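Participant: only the shape, not the letters, is given here:
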Ligand code: 4NP
């Protein structure tokens, strides 16, 4: 799960997906990272932690990481929150196989809105992420 800062959107996607995967007792590795490195080592944004907690997800122990090219070898799917993330991640891919692993998290070319400058966006973003995680889990597990 990849966004810009790895403190708002992708930590939500990581936490929700790990929760759902654990419920199904699947042995999948879930992680998140940011295309920017400003927040590396930091906990998720307090607003993401709070909205996640309200819906039963604990993301408080996650720590921000910088997206690096080794992720192309470590993971089968690289899901990016918006088109800028898509461009930035794709620029680090070296092979066609690596490029094929990268896609937008949402369907139909939609982007997960960045809630960083808008407190009111955290809840709708969490709900959108939760719905897509559930759908994606079904797709990948069928
Ligand atoms: P995120 O949100 O990409 O969903 O983690 C942001 C977090 C921090 C910044 C921008 C977006 N920032 O500019 O520091």
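Facilitator: Everything's here; your move. As the structure is a prediction and not an experimental result, all values here were calculated from the model.

Participant: name the SS class of the residue of the chain found nearest the ligand, please.
Facilitator: Nearest residue of the chain to the ligand (C-beta to the nearest ligand atom) works out as residue 5 at 2.7 Å. Where C-beta positions appear, they are placed from N, C-alpha and C, glycine not excepted. At residue 5 the chain is in coil, as set by DSSP: H, G, I helix; E, B strand; the rest coil.

Participant: mind checking pLDDT for it?
Facilitator: The model reports residue 5 with a pLDDT of 98.

Participant: for it, give me its contacts.
Facilitator: 34, 36, 38, 39, 64, 116 (C-beta atoms under 8 Å, 6 or more residues apart in numbering).

Participant: now swap in residue 20 and tell me
Facilitator: Here residue 20 is in contact with 133, 134, 137 (criterion: C-beta under 8 Å, 6+ apart).

Participant: what do you get for residue 69?
Facilitator: Taking C-beta under 8 Å, 6+ apart, we find residue 69 in contact with 92, 93, 94.
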